[in-house]
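Trainee: take this sequence and fold it.
(one chain, ligands or ions: 1)
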Amino acid sequence: MSQPNGGTFDIVILGAGSGGYAAALRAAELNLSVALIDKAELGGTCLHRGCIPTKALLHAAEVAEQTRESEQFGVKAELVGIDMAGVNAYKDGVVARLYKGLQGLLKQDKITIVPGAGKLVAQDTVEVDGKRYTGRNVILATGSYSRSLPGLEVDGKRVITSEHALKLDRVPSSAIVLGGGVIGVEFASVWKAFGADVTILEALPRLVAAEDEEISKAVERAFRKRKINFKVGKPFEKVEHTANGVRATIAGGETVEAEVLLVAVGRGPTTADLGYEQQGITLDRGFVITNERLHTGVGNIYAVGDIVPGLQLAHRGFQQGIFVAEEIAGLRPAPIDEAGIPRVTYSDPEVASMGLTEAKAKEQYGADKISTYNYNLGGNGKSQILKTAGFIKLVRLNDGPVLGVHMVGARMSELVGEAQLIYNWEAFPEEVAQLIHAHPTQNEALGEAFLALAGKPLHAHS
Ligand code: NAI
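Mentor: Modelled structure (predicted):
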């Protein structure tokens, strides 16, 4: 018996997270009809369970630290405590406002919202609650979930993921953070600022191991100063329940006890049981394989966001969503340069980076072709006003463009936009050195770093 018809659209999009909703908005602008399907809230992980609520917690953490350190600015204040109900109300308020805005945008654009769990049942059809939605094109945008490790059972109480951590109604007295990647260092930063005793366990030899090695070392120095404990270079072995929490064991037998353990060992693609493979789509360890135009090679099916191998970042999802909508509309957009995607870790200190690390640049071009320059924020007026330490590291191809910009220190996330422009324009340091930066700003530090790299340092030694 044929299923009832939900309608035929230019595009049926499965998943309304950053990738899916960006595709929907751009497609609607291009006068394409769109059905946007999601079993949960529009906005996906980033808005409801990821970027936005986490960054709100990180901001509350910054306020707590600033209060503790207020004396150094001559301001007398005392941190009396953290009211998690108040912090959560602030966080949830931010999410609610953005959610309302997004709902309004989608409605205004006359996008057909289909609530419910969808499954690809034909190359042009997604079924939701027994109704079939047919698309001349289909975009898969089903996102990712928090991975765990074999034998490590997440119970949502003592062993938790970032999703549970965002909903905690108390500050844990102590926490083990399993994984010293982006999620790990961000939550370690929040909990420490809120007064918890935190230990990070990381299998690789350093924290934020995807970043330039010198940046990792700077984060580790800052964390040591903040008394955030971390043990690197030893994989996690097991976790047991204790009377009041958990005990984790790492290779070599060392143990750490705490009230909760946060599992932050990466995110896996949400692609199981959605009918993808049955329709002939190729998966590699669960990720959807596409060509550079994000086409799956099957029918008119495209994929965007965290299910496509590469950086699992909301802004990559947005860009891919826009790209596919334009591709379907026949605009032939230029393929996305994955190396040109900015990366930010919002811990204290923040890490922001673009392009190649020193090691990767040397591997790619040969060690003798690469120069680097480190500009210490000690020479930057605004950073001194903020009393932040850190540096900006530039990686360049000799007699060629800037290949990498790596920054560590307070508020470095705000500088990554300029770094991104410089990188994407394949600018030479000599060209960037001509740009005038307002004084005093932290942006000036980028300007100074480029002046120094171009051989004409102002407030720095080359
Ligand atoms: P991640 O890949 O950044 O870090 C996971 C860490 O866990 C790695 O350093 C890995 O070596 C470690 N690990 C894995 N197995 C281990 C074991 N057995 N014992 C000890 N350590 C082990 O993944 P994370 O932090 O979970 O984040 C997931 C994704 O979400 C990332 O792709 C990230 O880009 C994204 N995200 C981005 C944010 C941002 O842009 N600010 C914020 C939060 C997440």
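
Trainee: now the residue nearest the centre of the chain, nearest residue through space, not along the chain?
Mentor: In the chain, the C-alpha nearest the mean C-alpha coordinate belongs to L313, at 4.5 Å (C-alpha atoms, centre = their mean). Using C-beta to C-beta, 6 or more residues apart in numbering and skipping residues adjacent in sequence, the residue nearest L313 is I341, 6.5 Å away. C-beta coordinates here come from the backbone N, C-alpha and C atoms, glycine included.

Trainee: likewise for R267?
Mentor: S144 (4.0 Å).

Trainee: and if you look at D129?
Mentor: Using C-beta to C-beta, 6+ apart, the nearest residue to D129 is G116, at 4.8 Å.

Trainee: what residues does the stretch 251-400 of the chain have near the ligand?
Mentor: Residues of the stretch 251-400 of the chain lying close to the ligand by C-beta under 6 Å from any ligand atom are A264, V265, G266, R267, L311, Q312, L313, V344, T345, Y346.

Trainee: got phi/psi on the fourth one?
Mentor: The phi/psi pair for R267 (degrees, to the nearest 10) reads phi -120, psi 140.

Trainee: surely T242 and E257 touch.
Mentor: Yes: counting by C-beta atoms under 8 Å, T242 touches E257, with 6.1 Å between them.

Trainee: quick one: which of these two has more around it?
Mentor: E257 (15 against 12; other C-beta atoms under 10 Å).

Trainee: show me what counts as buried in the one helix or strand E363 maps to.
Mentor: Using DSSP states H and E, E363 maps to helix 358-365. Burial within helix 358-365, assessed by neighbour count using 16 or more other C-beta atoms under 10 Å, is assigned to E358, K360, A361, K362, Y365.

Trainee: residues making contact with the next helix or strand after that helix?
Mentor: Going down the chain from helix 358-365, the next helix or strand is strand 370-376, by DSSP H and E. If you take C-beta atoms under 8 Å, 6 or more residues apart in numbering as the criterion, strand 370-376 is touched by 214, 358, 361-362, 390-398, 403, 445, 448-449, 452-453, 460, 462.

Trainee: in the chain, what residue is nearest the ligand?
Mentor: Residue of the chain nearest the ligand, by C-beta to the nearest ligand atom: G181 (1.8 Å).

Trainee: so what's that residue up against?
Mentor: In this structure, G181 makes contact with E202, V208, A209, A210, A264, V265, G266, judged by C-beta under 8 Å, 6+ apart.

Trainee: which of these lies closest to G19?
Mentor: For the contacts of G181, the residue nearest G19 by C-beta to C-beta is G266; the value is 18.3 Å.

Trainee: and the closest one, how far is that from D10?
Mentor: According to C-beta to C-beta, to the nearest Å, G266 and D10 sit 35 Å apart.

Trainee: who has more neighbours, those two?
Mentor: A side-by-side neighbour count of G266 and D10, using other C-beta under 10 Å, places D10 first with 18 against 15.

Trainee: name the nearest residue to that one, sequence neighbours excluded.
Mentor: Of all residues not flanking D10 in the chain, L32 sits nearest, at 3.9 Å (C-beta to C-beta, 6+ apart).

Trainee: related to what we said a few turns ago, and the residues of the stretch 251-400 of the chain next to the ligand, which are buried?
Mentor: Here the buried ones among these, as counted with 16+ other C-beta under 10 Å, turn out to be A264, V265, R267, Q312, L313, V344, T345, Y346.

Trainee: next up, the contacts around the nearest residue to K369 once chain neighbours are set aside.
Mentor: Nearest residue to K369 in three dimensions, chain neighbours excluded: N398, at 5.5 Å (C-beta to C-beta, 6+ apart). Going by C-beta under 8 Å, 6+ apart, N398 touches D368, K369, I370, S371.

Trainee: ditto for F428
Mentor: By C-beta under 8 Å, 6+ apart, F428 lies in contact with G400, P401, V402.

Trainee: switch to 6 Å and redo it
Mentor: P401 (C-beta atoms under 6 Å, 6 or more residues apart in numbering).

Trainee: wait, is F318 part of a helix?
Mentor: Yes: checked against DSSP: H, G, I helix; E, B strand; the rest coil, F318 lies within a helix.

Trainee: F73: neighbour count?
Mentor: By other C-beta under 10 Å, neighbour count at F73 equals 12.

Trainee: read off the pLDDT value for the residue lying closest to A193 once chain neighbours are set aside.
Mentor: The shortest distance from A193 to any non-neighbouring residue, by C-beta to C-beta, 6+ apart, is to A61 (3.6 Å). Listed pLDDT for A61 reads 98.

Trainee: next: A454.
Mentor: 86.

Trainee: residues touching the nearest residue to it once chain neighbours are set aside, list them.
Mentor: Residue nearest to A454 in three dimensions, not counting chain neighbours: A433, with 4.0 Å by C-beta to C-beta, 6+ apart. By C-beta under 6 Å, 6+ apart, A433 lies in contact with F450, L451, A454.

Trainee: out of the residues you listed, who has the most neighbours?
Mentor: F450 (29 neighbours).

Trainee: make sure that residue is indeed in a helix.
Mentor: Yes: F450: assigned to a helix according to three-state DSSP.

Trainee: I figured it hits A427, correct?
Mentor: No: counting by C-beta atoms under 6 Å, A427 is not a contact partner of F450; they are 8.7 Å apart.

Trainee: re the thing from before, got the contacts of N398 as JSON lines, with neighbour count columns?
Mentor: Formatted as JSON lines, those follow (neighbours: other C-beta atoms under 10 Å):
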{"residue": "D368", "neighbour count": "8"}
{"residue": "K369", "neighbour count": "15"}
{"residue": "I370", "neighbour count": "22"}
{"residue": "S371", "neighbour count": "17"}
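
Trainee: can you lay out these as TSV showing pLDDT?
Mentor: Formatted as TSV, the contacts of N398 follow (pLDDT from 0 to 100):
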residue	pLDDT
D368	98
K369	98
I370	97
S371	94
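
Trainee: just give me the closest of those residues to A27.
Mentor: In terms of C-beta to C-beta, no member of the contacts of N398 lies closer to A27 than I370, at 41.9 Å.

Trainee: partner residues bridging the residue nearest to R267?
Mentor: P269 (DSSP bridges).

Trainee: how about E127?
Mentor: Beta-bridge partners for E127, by DSSP bridges, are K119, R132.

Trainee: pLDDT score assigned to it?
Mentor: At E127, pLDDT is 98.

Trainee: equivalent analysis for A243, please.
Mentor: 95.

Trainee: now do the same for it: helix, strand or coil?
Mentor: Going by three-state DSSP: A243 is coil.

Trainee: can I get stretch 389-403 in PDB? Just the C-alpha atoms.
Mentor: Coordinates of each C-alpha in stretch 389-403 appear next as PDB, following Å, rounded to 0.1, in the frame of the first residue of the first chain:
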ATOM      1  CA  ALA A 389      49.200  36.700  28.600                       C
ATOM      2  CA  GLY A 390      49.700  34.900  25.400                       C
ATOM      3  CA  PHE A 391      51.100  35.200  21.900                       C
ATOM      4  CA  ILE A 392      50.400  35.200  18.200                       C
ATOM      5  CA  LYS A 393      52.400  32.800  16.100                       C
ATOM      6  CA  LEU A 394      52.700  33.300  12.400                       C
ATOM      7  CA  VAL A 395      53.800  30.700   9.900                       C
ATOM      8  CA  ARG A 396      54.800  31.800   6.500                       C
ATOM      9  CA  LEU A 397      56.200  30.400   3.300                       C
ATOM     10  CA  ASN A 398      59.600  32.100   2.700                       C
ATOM     11  CA  ASP A 399      59.100  34.800   0.100                       C
ATOM     12  CA  GLY A 400      55.400  33.700   0.000                       C
ATOM     13  CA  PRO A 401      52.100  34.000   1.700                       C
ATOM     14  CA  VAL A 402      51.000  33.500   5.300                       C
ATOM     15  CA  LEU A 403      50.200  29.800   5.800                       C
END
